[in-house]
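> okay, structure incoming, though there's no sequence with it:
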């Protein structure tokens, strides 16, 4: 044990937060470090959201009723990091069953933003965002179905990469919505996240939802993103949030050659589908059987239980509505490379969430829920601070398999060096300057 | 009216069959012919399966309760043919709501094979297959969800093209399963079907399920199909059917450079999903509301009504199972260009269907049900006759958007001239020798 390892000498603010569900014993961390192969991530410490399996430890998804069930093998994503030399240090707290964007729906305790004890950390990957933002570890794995990999990044001033669906194996994930779940990264810089994603993004023949990246960029995906869309018309934003958003809009000119207002009505309508019916049935299919286990969060149970009773025909009607909405949103992409949006409409306090746990949570997904339903990739990046000093985050969103140029755009936004597009750009999906 | 127009002077055998639900009046046919633009199909008479709208006529889907509802506009597929100069002559009989592979589930009467009054025509596109096979018209539109565009082609000795899902607009179709339905063609030759498909295959921004063909062939799709897979191991086939299948296997060497046995277990397992639960809910969503209308076929009602009560979570479990099966079947395609299968395991009589309407129908889908679930394209082609003189059909099956080379393979099989692959093959998806 060395004094320079921050996850063993945590900053006071973070150590007062319930960021871990399972902290690895020092000797196990040391054993991982000693066994770490020489790879692109050798020695890099990382946290693991507790819905991803780490061999020898429980995968609780923040449900204490699952704490006795020990994973025999690690999730593929976890194993890929380990195989690249990274060193796991613990399993992080989360909104139970990844159902929430708040970070408060956990019997292991609520997290808060590293910038304010009164304001939520965001979720569901609450612990993973806080352990990175507080400097405990440089990397943590999260997941993102409705926004769980982006909202807590925004609320803690860090980078959250939500790759294209299927790019990173979800084998070993306790699912929320099997068809939508993505494994994500939290880092302080885009380059660090991109380096991790390069390791993570490999096809997995054992995961039905894994998809290999196409050998060439998808038609219409620019190697360098120059045209960035922003929502036309007014957005639902808290006043302090709006100030920061307008500043971000002004700043966009410094990284985009062309800024184009587009109608985002169909995107926002899609967002409302996610908790509006059919996809609750997918959550029920994934973990409904656990909702009678001890320690189930009452809000999570109340939100997901109606999924049991969604009629099958209603699911297909939902898929049909989604197909129609996707068609409408597709009209945007031939003309633009990416879309910039705020990550959330506001940043609630713990008290506000406690007063209206479902309503406040729902509003948080306004700008994130649609991304996986529409098969898009996204990255949440810091975008300055609000007048009250809280961090503000924006997200860049693009079509499936545009991950690499999207990360280049995000790196440019963050003032990080951007690699020149290589002739083989299409074959190296996520290789940005690292 | 001219004596050389066979649809007005039908062969006796066909005229005794209930092939039409609506026959267009002679003056309306004449008006279409007079107004026909100069196009690739000018003057070509065609039949329309009665689940596709023709303006000014009802779309019954063989349900008399819908006979009073007159379509205001034609289905996009119908209109494309008309715009190319083709002339509609009538709406054809079908298994009600396209739910059946037999051709007997219609209050408008059962059809039979043009080659035997005792044997079924196949369905659900029964009338469309018979009007082409009997020489009434050279072209008819069908649809195919589980095999409805291929089974009646095989049972009547003609060509049935089931294009890639989304290649032909389904706008104006009274759906069976929105996410799976395809508009198909019946013709006597591959070239005639390919010519029609060239006209039909256009993206439709108004159809949520329309998909544009990729600008280049999908990775792994051969411009000229040389390696054809056949099922390894034994198949469920009636004895007379098996004789014809074995003859087809021997003949395959004449068109394929390499014939490769492959394990088709996962394909056949996928086939059983279609009527095993979840997708019945999609049929209920599509037309469950009509099942209380007058004239509903009792077998169709009995088959589809359980779809109402499929739980939503079960639908998502089915989608997840399908994803896993698709992954298993994908292992086949890197090594082969196409897969040859019999269209059906046998050719039942009308009496056999009457004795066991559900069981006989289910078995008919053994080799066709999986094709749309797995996002494949297919073409059913004649393959000689069985010892009892009935026609036998095989199907060639390939991944999505392999339509053009698949039709070339089918043309070669049928002894029709095949165009040399053009340099711009990828941009002209279905241009075969015509």
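That came through fine. Please read these numbers as outputs of a predicted model, since none were measured by experiment.

> ok, residue A:127 - how many residues close by?
36 (other CB atoms under 10 Å in any protein chain shown). C-beta coordinates here come from the backbone N, C-alpha and C atoms, glycine included.

> which residue packs closest to it, ignoring adjacent ones?
residue A:92 (2.9 Å; CB to CB, 6 or more residues apart in numbering or on different chains).

> list the contacts for that neighbour?
A:19-21, A:47-50, A:125-128, A:130-131, A:140 (CB atoms under 8 Å, 6 or more residues apart in numbering or on different chains).

> just the ones in helices from those, please.
Applying DSSP state H to the contacts of residue A:92, the entries found in helices are A:126, A:127, A:128, A:130, A:131.

> and the pLDDT for the third one?
Spelled out, it's residue A:128. The model reports residue A:128 with a pLDDT of 98.

> run a quick neighbour tally on it.
39.

> for residue A:364, see how far away the residue nearest to residue A:127 is.
Separation of residue A:92 from residue A:364 (CB to CB, to the nearest Å): 19 Å.

> do residue A:349 as well
Relative to residue A:364, and taking CB to CB, residue A:349 is found at 13 Å.

> which one's more surrounded, those two?
residue A:364 (28 against 16).

> that one: what's it in contact with?
A:101, A:102, A:122, A:147, A:151, A:344, A:345, A:346, A:348.

> could you export the residues you listed as a markdown table, including neighbour count, distance to chain B and pLDDT?
Formatted as a markdown table, those follow (neighbours: other CB atoms under 10 Å in any protein chain shown; distance: CB to the nearest CB, whole Å; pLDDT from 0 to 100):
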| residue | neighbour count | distance to chain B | pLDDT |
| --- | --- | --- | --- |
| A:101 | 33 | 21 | 98 |
| A:102 | 28 | 25 | 98 |
| A:122 | 35 | 26 | 98 |
| A:147 | 33 | 20 | 98 |
| A:151 | 35 | 24 | 98 |
| A:344 | 28 | 27 | 98 |
| A:345 | 18 | 28 | 98 |
| A:346 | 19 | 32 | 98 |
| A:348 | 25 | 30 | 98 |
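
> okay if I get those residues as TSV plus distance to residue B:40 and secondary structure?
TSV is the format used below for the contacts of residue A:364 (distance: CB to CB, whole Å; DSSP: H, G, I helix; E, B strand; the rest coil):
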residue	distance to residue B:40	secondary structure
A:101	54	coil
A:102	60	coil
A:122	58	coil
A:147	50	coil
A:151	54	helix
A:344	54	coil
A:345	53	coil
A:346	58	coil
A:348	61	coil
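
> for the residues you listed, which one is nearest residue A:170?
residue A:147 (16.8 Å; CB to CB).

> contact residues of the stretch 201-350 of chain A facing chain B?
A:205, A:207-210, A:214-215, A:219, A:278, A:280-282, A:284-286, A:288, A:307-317, A:319-320, A:323-324, A:326-327, A:331 (CB under 8 Å from any CB of the partner chain).

> for the residue nearest to residue A:127, grab phi and psi.
Note on residue A:92: its backbone torsions stand at phi -100, psi 150 [degrees, to the nearest 10].

> residue A:398 now?
phi -150, psi 170.

> likewise for residue A:65?
phi -60, psi -20.

> how close does it sit to residue A:301?
Separation of residue A:65 from residue A:301 (CB to CB) stands at 12 Å.

> tell me the buried residues in stretch A:171-178?
For stretch A:171-178, the buried set under the neighbour-count rule, 16 or more other CB atoms under 10 Å in any protein chain shown, comprises A:171, A:172, A:173, A:174, A:175, A:176, A:177, A:178.

> what helix or strand is the fifth one on?
Assigned by DSSP states H and E, residue A:175 falls within no helix or strand.

> gap between it and residue A:384?
Noted for residue A:175: a distance of 35 Å to residue A:384, by CB to CB.

> what do you get for the last one?
Distance of residue A:178 to residue A:384, computed by CB to CB: 37 Å.

> part of a strand, is residue A:228?
Yes - under DSSP: H, G, I helix; E, B strand; the rest coil, residue A:228 sits within a strand.

> now for it: which residues touch it?
Residue A:228 neighbours (CB under 8 Å, 6+ apart): A:252, A:255-256, A:258-260, A:336-340, A:396, A:409.

> out of the residues you listed, which are buried?
A:252, A:255, A:256, A:259, A:336, A:337, A:338, A:339, A:340, A:396, A:409.

> chain neighbours aside, what residue packs nearest to the third one?
Right, the one you point to is residue A:256. In space, residue A:256 is closest to residue A:228, 3.9 Å off (CB to CB, 6+ apart).

> and if you look at the last one?
For residue A:409, the nearest residue in space outside its immediate sequence neighbours is residue A:225; the separation is 4.4 Å by CB to CB, 6+ apart.

> now, which of the contacts of residue A:92 sits nearest residue A:388?
For the contacts of residue A:92, the nearest to residue A:388 is residue A:130 (19.4 Å; CB to CB).

> what's the neighbour count on that closest one?
32.

> and the residue most central in space within chain A, how far from chain B?
Centroid-nearest residue in chain A: residue A:149, 1.3 Å away (criterion: CA atoms, centre = their mean). Separation of residue A:149 from chain B (CB to the nearest CB, to the nearest Å): 21 Å.

> quick check: nearest residue in space to that residue, chain neighbours excluded?
Nearest one to residue A:149, counting by CB to CB, 6+ apart, is residue A:184 at 3.0 Å.

> so residue A:307 makes contact with residue B:315?
No - at 11.3 Å, residue A:307 does not count as touching residue B:315 under the criterion of CB atoms under 8 Å.

> so these two - more neighbours on which side?
Applying other CB under 10 Å to residue A:307 and residue B:315 shows that residue B:315 carries more neighbours, namely 29 against 25.

> point me to the helix or strand that includes the more buried one.
Assigned by DSSP H and E, residue B:315 falls in helix B:312-330.

> and the contacts of the helix or strand that that helix is followed by?
Using DSSP H and E, the helix or strand that follows helix B:312-330 in sequence is strand B:338-342. Residues outside strand B:338-342 that contact it (CB under 8 Å, 6+ apart) are B:225, B:227-231, B:235, B:237, B:241, B:245, B:248, B:252, B:262, B:264, B:267, B:332, B:367, B:392-398, B:402, B:406, B:409.
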